[in-house]
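Asks: coordinates for the following, if possible.
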Amino acid sequence: MRLIEWAEEQGRATGKDFLRLDCLVKNATLCGYYENAGFLPAGEAHVEFKVGPGATGENHHLQRLEKALRVPDEDLEVPDEEPQEEHGDDSDDWNEAVRASHPVVAGLRLVWREYRAPTAGGEGARGEEPSFGMWTVADNLVTLLSQMTQEDFDRHDERMPYFGIVWPSAEALVMKLLAGPRLDGLRVLDLGCGLGACGFAAAQLGARVTFLDWEPRALEIVEASAREQGLPPDLLDFVVANWSTPPDLDHFELILGADLLYEKRNAEGVAKFLGRYLRLGGEAWIVDPGRPHVRLFPTQAKMEGINLTAREILAPKGHGPAITLLKLRKPRWRRLHHVQARREGSSRPPSK
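Replies: Predicted coordinates:
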């Protein structure tokens, strides 16, 4: 990581706008590591490598990753150590708290960040702009990694602190939600919530939200954000669990998931989770920055009785890649029984 930091410094010093590196597509863990360090997918390539003169080359499938070295001023939402001006309206009392200090929760320094609905023609999507603030981790990924022991690395690579970063896919889904209709009274699950950006967007729109992540520190920060926002405690639940071995949960009208499919092996577990916990007629919104294996997810979801209803491309932030939104729905009982019957070997749905 120090080498990457050095390369970033050299790139900025020489006026470059982007830093690029390539990684083997099959090494999903390493690709995910770099994405959490701020790199975004920028296409793929097949490259032949030869070792030594006269050697036979091997063809390798590479993921190209890029990181912007210059961020436009308008994209900066979080102030540095000492903010130079106030953010938000005076009526929003919670916009004032961070704001110069960095409270520590779960052993991590935090900073306040705000989201607002996209505007059209200078007006909010519904006449006023829904907005919310949340705590995010002030330290970069290098600092988070330095807090891990070698035993942590050896035990499980997924214990790397991915939760401390709001992924571009989550930011795109937040904007999609805030620009959409109200969710009053709907039961919504933020699956693999991380710092909870998608769930807080749903809560801002009136939903009853459950935040689920297997990282306890993430849920501590989410709870701190909820307290700071002043959200009604009876409308929120916080669950520490793995989607592959979930506890007993209610069924949900809407399940949100951002960057859940960063590894190909996750698809089966996510599909089974949706099949189990989506209410009949409920929807799942899954977003991803275009990983190749995600194209297969609708097929896996269909095996669990979940159908793809729409595929949308969401506008990226800055110079990032376009984000793919998969909208999936659990059919109502007749079609669902038909799927189950087919899986059991029957050629037609059961009669009434």
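Asks: quick check: closest non-adjacent residue to Met134.
Replies: The shortest distance from Met134 to any non-neighbouring residue, by CB to CB, 6 or more residues apart in numbering, is to Ser225 (4.2 Å). Where C-beta positions appear, they are placed from N, C-alpha and C, glycine not excepted.
Asks: what does the strand or helix carrying Ala170 contact?
Replies: Assigned by DSSP states H and E, Ala170 belongs to helix 168-178. Helix 168-178 has contacts (CB atoms under 8 Å, 6 or more residues apart in numbering) with 40, 115-118, 125, 129-131, 194, 197-198, 201-202, 204-205, 256, 258-259, 285, 287-289, 314-317, 320-321, 323, 325.
Asks: list buried residues within the residues you listed.
Replies: For the contacts of helix 168-178, a burial check counting by 16 or more other CB atoms under 10 Å picks out 40, 115-117, 125, 130-131, 194, 197-198, 201-202, 204-205, 256, 258-259, 285, 287-289, 314, 316, 320, 323, 325.
Asks: for stretch 41-50, which outside residues touch it?
Replies: For stretch 41-50, the surrounding residues in contact (CB under 8 Å, 6+ apart) are 20, 22, 25, 35, 56-66, 289-292, 321.
Asks: helices - which of the residues you listed land there?
Replies: Using DSSP state H, the members of these that fall in helices are Glu35.
Asks: any quick ChimeraX command for the buried ones out of the contacts of stretch 41-50?
Replies: Only the buried entries of those go into this ChimeraX selection, using 16+ other CB under 10 Å:
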select :25,35,62,63,64,65,66,289,290,291
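Asks: could I get the full set of strands for the stretch 151-300 of the chain?
Replies: 187-191, 208-213, 236-240, 252-258, 278-288 (DSSP state E, counting those that start in this stretch).
Asks: can you pull out the strands in the stretch 1-150 of the chain?
Replies: 18-24, 40-49, 58-68, 104-105, 108-116, 131-137.
Asks: by contact count, what packs against the fourth one?
Replies: Other elements packing on strand 104-105 under the criterion 3 or more CB pairs under 8 Å, 6 or more residues apart in numbering; DSSP states H and E are helix 216-229.
Asks: go on, the fifth one?
Replies: Taking 3+ CB pairs under 8 Å, 6+ apart as the contact definition, the neighbouring helices and strands of strand 108-116 are strand 131-137, helix 168-178, helix 197-204, helix 216-229.
Asks: okay, the ones you listed, which one's buried deepest?
Replies: helix 197-204 (a mean of 26; mean count of other CB atoms under 10 Å).
Asks: so what touches that one?
Replies: With contact meaning CB under 8 Å, 6+ apart, helix 197-204 is reached by 115, 130-132, 134, 166, 170-171, 173-174, 177-178, 183, 186, 188, 190, 193, 209-211, 222, 225-226, 229, 231, 235-236, 254, 256, 258.
Asks: how many neighbours does Ala267 have?
Replies: Ala267 has 20 neighbours, counted by other CB atoms under 10 Å.
Asks: the chain should start at 487 in everything you say after this.
Replies: All set: I'll call the first residue 487, so the last point we hit is now Ala753.
Asks: separation between it and Leu555?
Replies: To Leu555, Ala753 is 33 Å away according to CB to CB, to the nearest Å.
Asks: poorly predicted segments of the stretch 537-686 of the chain, please.
Replies: For the stretch 537-686 of the chain, applying pLDDT under 70 flags the ranges 537-544, 556-587, 605-616, 626-647.
Asks: mind doing that once more with 80?
Replies: Within the stretch 537-686 of the chain, the set of residues satisfying pLDDT under 80 comprises 537-588, 604-616, 625-648.
Asks: now the stretch 737-838 of the chain
Replies: 802-807, 819-838.
Asks: show me where it has helices.
Replies: Counting by DSSP state H, counting those that start in this stretch, one finds helices in the stretch 737-838 of the chain at the ranges 752-763, 783-788, 819-829.
Asks: CA atoms only for the longest one, dumped as CSV, please.
Replies: Once side chains and other backbone atoms are set aside, the C-alpha atoms of helix 752-763 remain, and they are given as CSV (Å, rounded to 0.1, in the frame of the first residue of the first chain):
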residue,chain,number,x,y,z
ASN,A,752,-21.3,-14.8,-2.7
ALA,A,753,-24.0,-15.0,-5.3
GLU,A,754,-25.5,-18.3,-4.1
GLY,A,755,-25.8,-17.2,-0.5
VAL,A,756,-27.4,-13.8,-1.5
ALA,A,757,-29.9,-15.5,-3.8
LYS,A,758,-30.9,-18.0,-1.1
PHE,A,759,-31.3,-15.1,1.4
LEU,A,760,-33.6,-13.2,-0.9
GLY,A,761,-35.6,-16.3,-1.5
ARG,A,762,-36.1,-16.8,2.2
TYR,A,763,-36.7,-13.3,3.4
